[in-house]
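Participant: predicted model and sequence follow; I will ask about them next.
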There are 2 protein chains.
Amino acid sequence: MKIIVDGMGGDNAPQEIVKGAIMAAHELIQLDDDIIVSIIGPEQRIISCLKQNGWDCSSPAEKSEGRCRFSNIEVIDATEVITNDEAPAMAVRKKKDSTIVKAMTLLKSGEADAFISAGSTGALLAGGLVTLGRIKGIRRPAIAAWFPKMHNGGTTLLLDCGANVEAKPEFIFQNGIMGAMYVEGVKGIKRPEVRLLNIGAESSKGDELHKEAHRLLAGSNINFGGNIEGRDVAVTDCEVVITDGFSGNIFLKGSEGVALAIMSQIKSKLREGLRAKMGALLAYNKLSELKEMFDYSDSGGAPILGLKGAVLKAHGNSKAVEIYYAVMKAIPYVRNDVTQMIADAVTQNADLFRTADEAE
Amino acid sequence: MKIIVDGMGGDNAPQEIVKGAIMAAHELIQLDDDIIVSIIGPEQRIISCLKQNGWDCSSPAEKSEGRCRFSNIEVIDATEVITNDEAPAMAVRKKKDSTIVKAMTLLKSGEADAFISAGSTGALLAGGLVTLGRIKGIRRPAIAAWFPKMHNGGTTLLLDCGANVEAKPEFIFQNGIMGAMYVEGVKGIKRPEVRLLNIGAESSKGDELHKEAHRLLAGSNINFGGNIEGRDVAVTDCEVVITDGFSGNIFLKGSEGVALAIMSQIKSKLREGLRAKMGALLAYNKLSELKEMFDYSDSGGAPILGLKGAVLKAHGNSKAVEIYYAVMKAIPYVRNDVTQMIADAVTQNADLFRTADEAE
């Protein structure tokens, strides 16, 4: 198995990306796993970064045009980078030697199995659509993020978090299929419960878009638990919450903002006065546990589901530890062939899609 | 000025509603303000509830058919109640002697100035539309809620929180006008900054609905500060955040759920072990300040803006203190005639509405 990491994606590239890849490579050696971590980017820059971080690059185990491998880390040369400021579709068409386009091409040809990038979401989506393509039957890819379960420290998969802002009922329905297959594949939970984010619990609630999505979900072979209100997501026991990309993004970022604001207030309040400071000191361990519990970042990359290959988007401000998590998260995605699981589930529900197509 | 409170609305009616009305009436006497608090509901039941809570009902200051006043609390007889289970439009048409319909009729005739209810939101909206009617030029009423500013203890007005789930650009634009006028009227802030909840900061971000709303807002005489992402609302310095009713509801309830989950986790974590308990004891005052800061409930009623009268929705689970706050919040709403301010602002922006109408 080969997992490519975008050496030039995100605010802290290449330094933190390379560090994260090294963390993952170390762990994989210890696990005696023959997985290769490839870093894609300007070859000399990546190699010098590897050296700076103590990775032995003195004698490559393998070397060919634009590739070299040192133990279980490979460097794949790519000379261009797509930035956040560029129009994604245009950039993807023009920059054939960019990290994103080149990695997608390697995924497509089967030379690599997964791609992780902290770079431009738009370019990842555009590159995914143009170079990799969609799974047959899937109408729109969706970004899936892990949302913290605040009552028990677990996570709920939330999608779409913003890949696709002009939604149709069928897209939301397909998010349900993709989310269920992903959770089944990476967490091993059979027939995970899927619920639809809506403004009320009853099936009659919501706008036409969500009412129709509810109808499609209820008639499918998914384990559909009905609507869920925004208030209940943080403490739900269901495994997957699906939404359209607009409200999914608003919901995810909104909750994240509130959680960050509260944690920051706790921190500053507990510095006001001696009593509070002493109290905070005594309760330090427990407060740290809380911080971890509400941390949206340590769950690693968010998969872009629906593409013909495993692509994961890491936060733009990812540090080494997030890149490490994303690599580890990509392994069961590839090993259990979630992409094929989604393709099979789409085939099983093909009749419903046709009905939805005709209804449009 | 006369403010009517729905004696039969909400989970804790009539007991907590009457208590809240008494709290407000006491304060108004102390302020030497000649505002009357009217409680609408089955006369004998409300009077016996007033007596139970120590209000002197021995000799009415005024008495007529279906009305009696004891000091600055009036009781208005209404024999019917609309429940949450009823279809709102139907209930409003059939139950002419319900608290909601009767109160709206009194608002319309000018016999009362504001109406507060913790009852069915749907019935309040339907009653408002059918009996009171919309302000000329306003297309859809919107529910506005106070969202806590988590960095400084202030509040931001958020609308629409779910009155209207099938949005058009013009409705969102009008939310901006209504929100700005409300904040100017009740907080006295001239030309408050209004921002649009969207999935990105740039004007090119979002779906067609929000892009067009952005265009209308940018061309109006509102103090429009552009888009705001979900992540930034909890710590924004702007006064008004506007959205469509679907994502507004998802955002508000989602953040509320996360805040509640975090506060409940803090509570339980700080009970684990002696050190944590002692720490919590020492930091008790500061932790209580936090709890207040993130409390979504104590800001009182959420105005339903766009109706020809001041109508406020209180939480279904409101206790006396929330009803008290809602009464106090209604006073500047009436005194500064926010309804007229909205009507004037609509006239000023009438050209833009016409353009939007034609575009549909």
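Facilitator: Yep, it's here.
Participant: from here on, just use CA atoms for contacts and neighbour counts.
Facilitator: OK.
Participant: check which residues of whichever strand or helix holds residue A:48 are buried.
Facilitator: According to DSSP states H and E, residue A:48 maps onto helix A:43-52. Neighbour-count burial for helix A:43-52 flags A:43, A:46, A:47, A:49, A:50 (criterion: 16 or more other Cα atoms under 10 Å in any protein chain shown).
Participant: tell me which other helices or strands it touches.
Facilitator: helix A:15-30, strand A:73-77 (3 or more Cα pairs under 8 Å, 6 or more residues apart in numbering or on different chains; DSSP states H and E).
Participant: please identify the deepest-packed of these.
Facilitator: strand A:73-77 (a mean of 25; mean count of other Cα atoms under 10 Å in any protein chain shown).
Participant: as CSV, could you dump the C-alpha coordinates of that one?
Facilitator: Extracted C-alpha coordinates of strand A:73-77, given in CSV (Å, rounded to 0.1, in the frame of the first residue of the first chain):
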residue,chain,number,x,y,z
ILE,A,73,9.4,7.1,2.9
GLU,A,74,9.3,7.8,-0.8
VAL,A,75,9.8,11.2,-2.3
ILE,A,76,7.8,11.9,-5.6
ASP,A,77,9.0,15.0,-7.5
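Participant: strand partners (parallel or antiparallel) of that strand?
Facilitator: strand A:36-41 (parallel), strand A:67-70 (antiparallel) (DSSP bridges).
Participant: CSV please, covering these and showing distance to residue A:243 and mean pLDDT.
Facilitator: Formatted as CSV, the strands paired with strand A:73-77 follow (distance: least, Cα to Cα, whole Å; pLDDT from 0 to 100):
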stretch, distance to residue A:243, mean pLDDT
strand A:36-41, 33, 98
strand A:67-70, 41, 96
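Participant: quick one: closest of these to residue B:35.
Facilitator: strand A:36-41 (72.2 Å; Cα to Cα).
Participant: can you give me the buried ones in stretch A:206-213?
Facilitator: Buried-residue list, stretch A:206-213, by 16+ other Cα under 10 Å: A:206, A:207, A:210, A:211, A:212, A:213.
Participant: hmm, who's touching it?
Facilitator: For stretch A:206-213, the surrounding residues in contact (Cα atoms under 8 Å, 6 or more residues apart in numbering or on different chains) are A:167-170, A:172-173, A:198-200, A:203-205, B:165-166, B:246.
Participant: hmm, try it at 7 Å
Facilitator: Stretch A:206-213 is contacted from outside by A:168-170, A:172-173, A:198-200, A:203-205, B:165-166, using Cα atoms under 7 Å, 6 or more residues apart in numbering or on different chains.
Participant: just want the most central residue of chain A.
Facilitator: Nearest to the mean C-alpha position of chain A, by Cα atoms, centre = their mean, lies residue A:302 at 0.9 Å.
Participant: pretty sure it contacts residue A:144?
Facilitator: Yes - with contacts defined as Cα atoms under 7 Å, residue A:302 counts as touching residue A:144 at a distance of 5.4 Å.
Participant: output the helix or strand where residue A:280 lies as CSV, restricted to C-alpha atoms.
Facilitator: Secondary structure assignment for residue A:280, by DSSP H and E: helix A:274-282. Output of helix A:274-282 as CSV, limited to C-alpha atoms (Å, rounded to 0.1, in the frame of the first residue of the first chain):
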residue,chain,number,x,y,z
LEU,A,274,-5.7,33.5,43.2
ARG,A,275,-8.6,31.2,44.2
ALA,A,276,-9.5,30.5,40.6
LYS,A,277,-5.9,29.9,39.7
MET,A,278,-5.5,27.4,42.5
GLY,A,279,-8.7,25.7,41.6
ALA,A,280,-7.6,25.4,38.0
LEU,A,281,-4.3,23.9,39.1
LEU,A,282,-6.1,21.3,41.2
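Participant: what's the first helix or strand after it?
Facilitator: That would be, after helix A:274-282 and using DSSP H and E, helix A:284-293.
Participant: tell me which residues in that following helix are buried?
Facilitator: A:284, A:286, A:287, A:290, A:293.
Participant: also stretch A:29-45?
Facilitator: A:35, A:36, A:37, A:38, A:39, A:40, A:41, A:42, A:43.
Participant: show me which pair in those is furthest apart.
Facilitator: Across the buried residues of stretch A:29-45 (Cα to Cα), the longest gap, 22.1 Å, separates A:35 and A:42.
Participant: which residues in chain A form helices?
Facilitator: A:15-30, A:43-52, A:88-94, A:99-109, A:121-127, A:169-187, A:208-218, A:245-269, A:274-282, A:284-293, A:320-335, A:338-348, A:350-359 (DSSP state H).
Participant: okay if I get the ones you listed as TSV plus mean pLDDT?
Facilitator: Listed next are the helices of chain A as TSV, based on pLDDT from 0 to 100:
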stretch	mean pLDDT
helix A:15-30	96
helix A:43-52	97
helix A:88-94	93
helix A:99-109	97
helix A:121-127	95
helix A:169-187	95
helix A:208-218	95
helix A:245-269	90
helix A:274-282	79
helix A:284-293	76
helix A:320-335	94
helix A:338-348	93
helix A:350-359	63
